[in-house]
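> Have a look at this prediction, sequence included:
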Amino acid sequence: MKIYVLKKMIILSLLFLFAANLNAQIAGDVNQDNLIDIVDALLTAQFYVGLNPPDINLTAMDVNCDNDQNIVDALLIARFYVGLIQEFPCTGFVISVPEDYPTIQEAIDAAMDGTTIFLADQIYQGPGNKNLHWAGNEKHLTITSENGPENCIIDCEEDGRAFVLNNGQSEDDVIDGITIINGWIRTVSPSLVGGGAILCDGTSPHIINCIMRNNVAGNKINSLSQSYYADGGAIDCANESSPYIYNNIIENNYANHTGGGIHYGGTSGGVLANNRITGNINRGCYGGGGIALVYMSHPRIINNLINYNQTEYYNDGGYGGGIICLNSDPDIINNTIVYNNCITSTTDGEGGGIRVRGKPYPRIVNSIIRDNMAGAGLENIDFQYPGDKLEIRNSTIGGGIGSILTDYPETIIDLDPGFINPDSGNFDLNAGSSSIDMGYSPALASTDNFDLDGRSRISGVTVDLGAFEYQF
């Protein structure tokens, strides 16, 4: 791998350049300002790793550089000796799977703090390649594909999930560019902790550039038995988790309790940005075909396409085909929420696009919410408390907001947004769209510079509505 080979070449060059006739140093002899002493520390590390006799002076020729892991081990011990490894020209450590370790978990176990683990192009299956875990309070890792998610697949084979992130993982822990399929987590009530692909339990990792498809939390969709309950068909964000979930495809996942695509619970937050959340199904009492936000959850949901999700229940429930907000107050900004549905066995459900149930309430800004169904009827937003005000502004709402009260009724429009070709999945705005330059730009943060397709977020006078910005 090019990055790994480059790091190795730098290490070898330094060793051969500076290490001639150097004796091994002990920790007390190391001058942290001297690069020569860092090289000496590396040689000392090789003494420990290679188990050379103690009476032999080490030189560069003593290092077994045919073994990549020896270099990694040497760097680790050099860090112990020198303490300033971050100033060494070869900062960070790299492990390749399966080149260095045959399974992902073995690579994780061998990694040190700050390691990047590269996954070669292949399908990873079996023990050691699922239910992956580490102590985030001891080390932070980046696990990434070499060549993107289309080429790097973790197949959980309907037995477990890919990642269990429940032990101190933070923004310094990154899952990047991996496809996760066929996860299946079965949890007996009242635990409900789910996440068919990834569980975040009290943690805040970065999950970016991934594809999560055909994962299940709880009973499968064709099972009438309710012996297993779980949340979050793809991702479960539980117990004050605050992950950064960016630029992922989350499609065709299923949960039988809450959140067919993603579940936020227990005052969880974070950022959910620039994702395509499509075709997920929830069959459970709280709903949320695409996204479920329950019990004081408050993520920032921005620039997402949320479409063709569904929630259903046998008797009642059927809440929020796209999103259910239950006692939660997320910011829902610049999303395109279309063609979602909610049904029950006896009624049409409530809130094909968004269902708001219980205080506190969400804030909905700059979004397009239309063509969502509650059974056979159109219903884009259902608000449980029509006498209260819902903060909704500068948005296109199909059919309007009806009896919902807001301080900004003049900013709500009920016009066709003019998608280029929604039937083929193209929700870009055409040149005559009523959603162009209709947004409320103060809702954007300084970092909100790009739309869902990676284009400049404000192209005209002000921000457009929905996830896609028209480019002038």
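Received, thanks. Numbers count the residues shown, from 1 in each chain.

> what separates residue 297 from residue 184, distance-wise?
24 Å (C-beta to C-beta, to the nearest Å). Just so you know, the C-beta spots here come from the backbone N, C-alpha and C atoms, and that holds for glycine as well.

> And those two? Which one has more around it.
residue 297 (26 against 23; other C-beta atoms under 10 Å).

> So the more buried one belongs to a strand, correct?
No - assessed by DSSP: H, G, I helix; E, B strand; the rest coil, residue 297 does not belong to a strand; its assignment is coil.

> Not counting its neighbours along the chain, what's nearest it?
Of all residues not flanking residue 297 in the chain, residue 264 sits nearest, at 3.8 Å (C-beta to C-beta, 6 or more residues apart in numbering).

> Look up the residues forming beta bridges with the one you found.
Under DSSP bridges, the beta-bridge partners of residue 264 are residue 237, residue 293.

> mind listing what it touches?
237, 241, 291-294, 297, 299, 328, 330 (C-beta atoms under 8 Å, 6 or more residues apart in numbering).

> please redo it, this time with the cut-off set to 7 Å
In this structure, residue 264 makes contact with 237, 292-293, 297, 299, judged by C-beta atoms under 7 Å, 6 or more residues apart in numbering.

> Can you classify the spatially most central residue of the chain as helix, strand or coil?
Among the residues of the chain, the one closest to the centroid is residue 207, at 2.7 Å (C-alpha atoms, centre = their mean). Three-state call for residue 207 (three-state DSSP): strand.

> Quick check, it in contact with residue 177.
No - using C-beta atoms under 7 Å, residue 207 is not in contact with residue 177; the gap is 10.5 Å.

> that older thread, kindly provide the distance from the residue nearest to residue 297 to residue 299.
Taking C-beta to C-beta, one finds residue 264 at 6 Å from residue 299.

> Equivalent analysis for residue 152, please.
27 Å.

> which residues of the chain fall in helices?
2-18, 35-50, 68-82, 104-110 (DSSP state H).

> Could you tell me the least trusted of these?
Least confidently modelled of the helices of the chain is helix 2-18, at a mean of 37 by mean pLDDT.

> if I look at residue 470, how far off is residue 332?
For residue 470 relative to residue 332 (C-beta to C-beta), the value is 21 Å.

> The two - which one has more neighbours?
The residue with more neighbours, out of residue 470 and residue 332, is residue 332; 28 against 21, by other C-beta under 10 Å.

> okay but that one is in contact with residue 361, surely?
No - applying C-beta under 7 Å as the test, residue 332 and residue 361 come out as separate, 10.7 Å apart.

> send the alpha carbons of stretch 169-177 over as CSV?
Only the C-alpha atoms of stretch 169-177 are listed here, as CSV (Å, rounded to 0.1, in the frame of the first residue of the first chain):
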residue,chain,number,x,y,z
GLN,A,169,-14.9,6.1,21.5
SER,A,170,-14.8,9.8,20.5
GLU,A,171,-14.3,12.0,17.5
ASP,A,172,-10.8,10.6,17.3
ASP,A,173,-12.3,7.2,16.3
VAL,A,174,-13.3,7.0,12.7
ILE,A,175,-15.1,4.4,10.6
ASP,A,176,-14.5,5.4,7.0
GLY,A,177,-15.5,4.1,3.6
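
> List the contacts of that stretch.
136, 140-145, 148-149, 152, 163, 203-210, 244.
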